[in-house]
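Asks: quick one, what's the 3D model for this:
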Amino acid sequence: EIYARLGSDNFAVFSPCENADSMVEKCKVIQYKIRKSLHVRFEIVLSCGIYLFAPGETDVNKALNKANMARTGIKGKQAYYAVYNEEIGENIAQPAILAEEMKKALEEGQFEVYYQPKYSLISGEIVGSEALLRWNHPDFGSISPGLFIPVAENSGLIDRIGRFVWDAVCQDIRGWLDSGVHAVPVSVNLSRSELYMEDTLQMMVRTLAEYQIPHNLVEVEI
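Replies: You can find the predicted model right below:
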């Protein structure tokens, strides 16, 4: 068996087992031993997500992701254990699960910025571009911004996502300038929620200065 700490308060156990029930029993034993050995007055509760490897399956990261999806589905509920199934996978659109997955996506670099060119109808040349945020989930592929942006706004994650996009755009523009590529203005979408945040403008100006980006190379779309 392998016991590992993945980070923060996340742990993983890899164990041979005959079925999900035997893994649930193992989780119960771990839970019992933690409560007995810590000698603290606080209630320590494990939220355990269980995923069973299919015959021949070797992708550990996908297994961890699916176990984590099962776990996030029971957080805040009166349940300690959940076994991953396809129904849980289909429930990725639930706001609570999406919010948890977005936090993980920010930490693991699942988000990417794509650039949609703007062409002049007169000359046919590229005269600008728009930065588009894309989320490539390791299990579910591309997740629509129409699905996750509203959840990000309601959960308070839009601030972190907006900062990620702004930094990525400035970093890319700096790379284009340094490599001698003709840079065109890039428009970046700004969520209405970000307008209410006091330090949004300061963050944008500070990042432009950090990467030494001429202000005429960025546009803001609200």
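
Asks: after the top helix by length along the chain, heading C-terminal, what element do we hit next?
Replies: The longest helix of the chain (DSSP state H) is helix 158-178. Per DSSP states H and E, the first helix or strand lying C-terminal to helix 158-178 is strand 186-189.

Asks: buried ones in that following strand?
Replies: 186-189 (16 or more other Cβ atoms under 10 Å). All C-beta atoms are positioned from the backbone trio N, CA, C, and that covers glycine.

Asks: tell me the pLDDT of Asp159.
Replies: pLDDT recorded at Asp159 is 90.

Asks: toward the C-terminus, what is the element adjacent to whatever helix or strand Tyr115 lives in?
Replies: Element membership for Tyr115 (DSSP H and E) is strand 111-119. Next helix or strand after strand 111-119 toward the C-terminus (DSSP H and E): strand 126-137.

Asks: tell me the angle that following strand makes with helix 158-178.
Replies: 130 degrees (axes from the mean of the first three to the mean of the last three Cα atoms, to 10 degrees).

Asks: hmm, who's touching the longest helix of the chain?
Replies: 102, 106, 111, 113, 115, 131, 133, 149, 152, 182-183, 186, 188-191, 193-194, 197, 200, 203-204, 207-208, 210-213, 217-218 (Cβ atoms under 8 Å, 6 or more residues apart in numbering).

Asks: and those, which of them are buried?
Replies: Applying 16+ other Cβ under 10 Å to the contacts of helix 158-178 flags 102, 106, 111, 113, 115, 131, 133, 149, 152, 183, 186, 188-191, 193-194, 200, 203-204, 207-208, 213, 217-218 as buried.

Asks: the residue nearest to the spatial centre of the chain and Glu221, how far apart?
Replies: Among the residues of the chain, the one closest to the centroid is Ala105, at 1.9 Å (Cα atoms, centre = their mean). Computed as Cβ to Cβ, to the nearest Å, the Ala105 to Glu221 distance reads 23 Å.

Asks: please apply the same query to His215.
Replies: Using Cβ to Cβ, His215 is found at 16 Å from Glu221.

Asks: cool, Ser37 as well?
Replies: Taking Cβ to Cβ, one finds Ser37 at 55 Å from Glu221.

Asks: ok, now Asn65?
Replies: 33 Å.
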